[in-house]
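Chemist: Here is a sequence with its predicted model. Questions after.
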Amino acid sequence: MSLEIKIKGGTIVDGSGKESYRGDIGIKDGTIVALGKVDESADQTIDAEGAIVTPGFVDLHTHYDGQISWDQELMPSVNHGTTTVVMGSCGVGFAPAKKEDRSRLIDLMEGVEDIPGAALAEGINWQWETFPEYMDALDRMPHTIDFAAQIPHDALRVYTMGERALEQKPATEEDIQKMQAFVREAMEAGAAGLTTGRSDVHRSASGNWTPASEATMEELVGLASAFKGMNYGVLQAVSDFDMERTHDDFDK
C-alpha cells in the first residue's frame, strides 16, 4: 500500500484517553489508515520527531461570524491545531441582519468581544440578510477548517423588533412567534443552535446594554420551544445576574 502522507516518529495523543506513545501515522485518500510502526512508502514524509501529534481541536466558543466572510484560514485558530470552530456565541453575530442594522451589529460585536469595528466594517462582505442566506453565502466561500454557526439572539431580536430591541423593550407575543419562525428556518438551513446572553459585562462599543439583555422568561422559553420536534440543536446561555443593575426582573 502506497501512502499519500506519512507522519513519522511523533508522540501520538489519539484523544481516546490512553497514554501517549511514539509512532507513525499513515494517510491515504485523506484518511488515517495506519498507526504505530508504519513501513509503507509515502509520497510525502513529515518528520515529527520531538513533536506531539493529535486529532484536530474543536473550539466550541468563537466569534468568527464576520471574519469567516473574508478569511478562509480563520487565523489564529488554525495556527494552533484547531480544525473546527463554533461561532455565534454570547448572542452576538451578523445574521440575520437588515442593511440598516449592520453598523449596530458591528458596534455590538466590537463592544462585547473587543474586535475592532473598523476591521469588521471593512472586511464583512454582507452577501446575506436572513440566516439561511448567511449559510448559503458561507458555503460559496473557501474554508480551510470546518465551522458550525449558531443563531445569535441579539441579531435575531434586532432583525425582528428594530429600535424596540435596542431599547430593551419586552417582546410581544407576535415578536416571539416571528422569532420562533426565524429560529426554525435557521435550524433547517444548518444552524447548530441558538445563543443568548444576559451578562452585565457585555455592552456595545457605544456603551449600551445588549439588545437581549432584558429578554423575559417568556421570550427565552418561547425561543427554546422553537426546537420542539427537531431532535437536534443546542442552546447556549451566558448570564451574570445583578452585578451592576439595581433591579433584575428575571425569575431566577
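Modeler: Thanks, I have it.

Chemist: most centrally placed residue in this structure?
Modeler: Met87 (0.8 Å; CA atoms, centre = their mean).

Chemist: Could you double-check that it lies in contact with His61?
Modeler: No - between Met87 and His61 there is no contact under CB atoms under 8 Å: 9.1 Å. For every residue, glycine as well, the C-beta is placed using N, CA and C.

Chemist: quick one: low-confidence parts of the stretch 51-200 of the chain?
Modeler: For the stretch 51-200 of the chain, no stretch has pLDDT under 70.

Chemist: Could you rerun that using 80?
Modeler: 200 (pLDDT under 80).

Chemist: And the strands in it?
Modeler: Along the stretch 51-200 of the chain, counting by DSSP state E, counting those that start in this stretch, strands occupy 52-53, 57-59, 82-87, 146-149, 151-152, 193-199.

Chemist: So what touches the second one?
Modeler: In other words, strand 57-59. 77, 80-86 (CB atoms under 8 Å, 6 or more residues apart in numbering).

Chemist: most neighbours per residue, which of the strands of the stretch 51-200 of the chain?
Modeler: strand 151-152 (a mean of 32; mean count of other CB atoms under 10 Å).

Chemist: what's that one packed up against?
Modeler: Where contact means 3 or more CB pairs under 8 Å, 6 or more residues apart in numbering; DSSP states H and E, strand 151-152 is packed against helix 173-188, strand 193-199.

Chemist: can you tell me which of the ones you listed comes nearest to Lys99?
Modeler: Lys99 lies closest to helix 173-188 among the helices and strands packed on strand 151-152, at 17.1 Å (CB to CB).

Chemist: So which bits of the longest strand along the chain are buried?
Modeler: Looking across the chain with DSSP state E, the single longest strand is strand 3-12. Across strand 3-12, burial judged by 16 or more other CB atoms under 10 Å covers 3, 6-10, 12.

Chemist: And the contacts of whatever helix or strand comes next after that strand?
Modeler: Downstream of strand 3-12, the next assigned helix or strand under DSSP states H and E is strand 21-28. Contacts to strand 21-28, defined as CB under 8 Å, 6+ apart, come from residues 1-12, 32-38, 40, 42, 53.

Chemist: Beta-bridge partners for the nearest residue to Ser213 once chain neighbours are set aside, please?
Modeler: Nearest in space to Ser213, with sequence neighbours left out and distances taken as CB to CB, 6 or more residues apart in numbering, is Arg198 at 5.5 Å. Following DSSP bridges, Arg198 is listed with bridge partners Ser239.
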